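J.: This is a predicted model, with the sequence first.
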Amino acid sequence: MGRYSPTVVDHFTNPRNAGELDDPDVRASIGNPVCGDQIMLTAYVDDGTITAIRFRAHGCAAALAAASAISEACHGATLAELGTWDASRVDSLLGGLAPDQRHVAALGGHVVSRLVSNHREGVNDDAPLVCS
Amino acid sequence: MQLAAMLGDAGAAFRLPNAEREAAVVAALRSAFASHAGHNAFYRAQCEAAGVTAADISSVADLARIPLLPVGMFKQPDAHVLMTAPLTDVELEIRSTGTGGVPSVARRDTTTATRVVTALIGQYRDFFGIAKGAGLFLSPSTAETPEMGMVKVFNLLNGLFDDHAYVVRDYAFDPEEALGLLNRWEESMTRHIIGPPFLVGRLLRYLELEDISLKLDPESLVITLGGWKRYTGESISRRDFDEKVERHLGVPAGRVRDMYGMIESNMLAVECEHHRKHVPPWSYISIRDVEDTSIELPAGRTGVIALLDALSTSYPGFILSEDVGEVDSSPCPCGRTGQTVSFRRRLQGAELGCCAVSIEKFLDSQEIVAECEVPAAPARTEA
């Protein structure tokens, strides 16, 4: 495999669902304070299912691709399904990540998990939460 | 002199007669411009809108016609449109995070990375003459911050030393450790200090408070990069800095060397012993009117710094920065020809953005956390 998987190249070059929804049902935002990678998701949720989702992301190519790929995979998924996501799910969604890109899998896993918990608790992130 | 020859012999390239140097930089930039305009749809549209092609670039005066990319574009989520090279050719993503928190990311492909490494080593050899000794890096290592531009630029120096140490770890700086290393190397190696001005300043402050005056070695250098403003906006005075370096480290001002660059450009201007920062012969700096950046100002006038760089093949290396300064084309006593650049300030309204600012802000926040930490209750012992 090259440095970037074909999936990362595709999503970086042709991002899907970029932007921000007006008046979303839930907003989740995660960032790494040192490297500066940030992913924010906004979504409409109907009866426990994501009916529309948009992302804003800053940082490395893998972070931008992850945000796009996550948004595509989340669309139509139930919150219950998303509640089982972790870093390895994001890694496989992106077709594998090089060692120096793996922090992105953790970032992606965190933002999906945050989306689910924010919706459950009825809260929204106004600023990126620190990714541990 | 062609680009590859300049990179292979930076010392000779920096001392080309003016006419030859101008011809070399124009040829290198015209070739880079032709390549990006030919292979980058986004950039080609800018060129078509400006009505300029590579055939229009035949002299230094024409370089101002090359369309520029505003540096803020490197922070945009859709920065992929800037790319001339495909992502599959990208080897390095270098970033800088300023006070705003959104990173600026510059992607370098294989050709660019090879050229930049060659250029920087050539510049370090020509300006510093380092091939041995010990380097005390007042910065994190690249292992800790692998994508931070300033650290990456410093890191290329460490291969020239016989020994080196990074003394910022987990965003903490211990000046006693730095002092211990300088003492350890004293009898065996020429000692050099490398770091952003604010961290060298912390070491100087420690030495001042402890009333310690060292005498480093006759060939010692203090090399800085990262800007002279703290994240708080407070400026570090270069004159005070040089005086303190001489007083507490015994290094004369002529051996304190600052550098100027930004992660979005491959241009690194290194200071000579006369404190003039020399623009390398594969780059050109165009100073633009603050009110109308399409107007190029003559040497000596202060304006927005635009950097044109022939090394970049990954994206058009023609950047309109948010820095204000001027160029000087008068002869430098050091014998190097071409432009020298002076940074004055950030453009009004631009965020304070660089790696050093990011490190200092985080370092300070860690110290505040440590100071505010509630001490653990002492363990009870049986009487």
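T.: Structure's in. What do you need? Residues are numbered from 1 along each chain as shown, chains lettered A, B, ... in the order given.
J.: Chain A contacts on chain B?
T.: Residues of chain B lying near chain A by CB under 8 Å from any CB of the partner chain: B:75, B:77-78, B:80, B:86-88, B:90-91, B:93, B:95, B:97, B:101-103, B:105, B:107, B:145-147, B:362. C-beta here means a position set from N, CA and C on the backbone, and glycine is covered the same way.
J.: pLDDT score assigned to the nearest residue to residue B:269 once chain neighbours are set aside?
T.: Nearest residue to residue B:269, sequence neighbours excluded (CB to CB, 6 or more residues apart in numbering or on different chains): residue B:277, at 3.8 Å. If you check residue B:277, the pLDDT there is 98.
J.: so what's residue 96 scoring on pLDDT?
T.: I'll assume chain A. Looking at residue A:96, its pLDDT is 94.
J.: ah, I was thinking of chain B
T.: 83.
J.: so where do the helices sit in the chain?
T.: Unless you meant another one, I'm taking chain A. Assigned by DSSP state H, chain A shows helices spanning A:6-13, A:61-74, A:79-82, A:87-93, A:103-121.
J.: oops, I was thinking of chain B
T.: So, for chain B - with DSSP H - the helices run B:3-8, B:10-14, B:18-39, B:41-50, B:110-128, B:149-158, B:175-185, B:197-209, B:238-249, B:355-372.
J.: ok, back up a step: point out the most buried one among the helices of chain A.
T.: helix A:61-74 (a mean of 26; mean count of other CB atoms under 10 Å in any protein chain shown).
J.: what about it, distance to the chain center?
T.: Centroid separation for helix A:61-74 versus its chain: 6 Å, with CA atoms, centre = their mean, to the nearest Å.
J.: Which other helices and strands does it contact?
T.: Applying 3 or more CB pairs under 8 Å, 6 or more residues apart in numbering or on different chains; DSSP states H and E, one finds that helix A:61-74 contacts helix A:6-13, strand A:38-46, strand A:49-58, helix A:87-93, helix A:103-121.
J.: Could you dump the ones you listed into a markdown table with mean pLDDT and distance to chain B added?
T.: Shown next, in a markdown table, are these (pLDDT from 0 to 100; distance: least, CB to the nearest CB, whole Å):
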| stretch | mean pLDDT | distance to chain B |
| --- | --- | --- |
| helix A:6-13 | 96 | 5 |
| strand A:38-46 | 96 | 7 |
| strand A:49-58 | 96 | 5 |
| helix A:87-93 | 96 | 17 |
| helix A:103-121 | 95 | 10 |
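J.: residues near residue B:283, how many?
T.: 25 (other CB atoms under 10 Å in any protein chain shown).
J.: Any idea what it is bridged to?
T.: With DSSP bridges as the criterion, residue B:283 is bridged to residue B:309.
J.: That one and chain A, how far apart?
T.: Going from residue B:283 to chain A by CB to the nearest CB, to the nearest Å gives 26 Å.
J.: Residue B:193: which of the helices of chain A is closest?
T.: Nearest of these to residue B:193, taken as CB to CB: helix A:103-121 at 31.1 Å.
J.: just how off-centre is the closest one within its chain?
T.: The chain centroid and the centroid of helix A:103-121 are separated by 7 Å under CA atoms, centre = their mean.
J.: What of stretch B:6-25?
T.: A distance of 21 Å separates the C-alpha centroid of stretch B:6-25 from that of its chain, computed with CA atoms, centre = their mean.
J.: again, but for stretch A:16-31
T.: Centroid separation for stretch A:16-31 versus its chain: 10 Å, with CA atoms, centre = their mean.
J.: Give the buried residues for it.
T.: Within stretch A:16-31, the residues scored as buried using 16 or more other CB atoms under 10 Å in any protein chain shown are A:17, A:21, A:24-31.
J.: Over to stretch B:182-201?
T.: Buried residues in stretch B:182-201, counted by 16+ other CB under 10 Å: B:182, B:185, B:189-201.
J.: Likewise for stretch B:89-109?
T.: Residues of stretch B:89-109 classed as buried by neighbour count (16+ other CB under 10 Å): B:89-90, B:92-98, B:101-109.
J.: Could you list the low-pLDDT ranges of the stretch 1-150 of chain B?
T.: Low-confidence segments of the stretch 1-150 of chain B (pLDDT under 70): B:98-100.
J.: Closest residue of it to chain A?
T.: residue B:103 (3.2 Å; CB to the nearest CB).
J.: OK, contacts around that residue?
T.: Residue B:103 makes contacts with A:35-37, A:58-59, B:75, B:95-97, as judged by CB atoms under 8 Å, 6 or more residues apart in numbering or on different chains.
J.: Regarding stretch A:76-88, how distant is the last residue from the first?
T.: Separation of the first and last residues of stretch A:76-88 by CA to CA, to the nearest Å is 21 Å.
J.: Sorry, wrong one. I was asking about stretch B:96-104.
T.: The straight-line separation of the ends of stretch B:96-104 (CA to CA) is 5 Å.
J.: Okay, and the beta partners of residue A:57?
T.: Counting by DSSP bridges, residue A:57 forms beta bridges with residue A:39.
J.: Now residue 42: closest residue in space, sequence neighbours ignored.
T.: No chain specified, so I'll use chain A. residue A:24 (3.8 Å).
J.: actually it's chain B I care about, not the one you picked
T.: Closest to residue B:42 by CB to CB, 6+ apart is residue B:81, at 4.3 Å.
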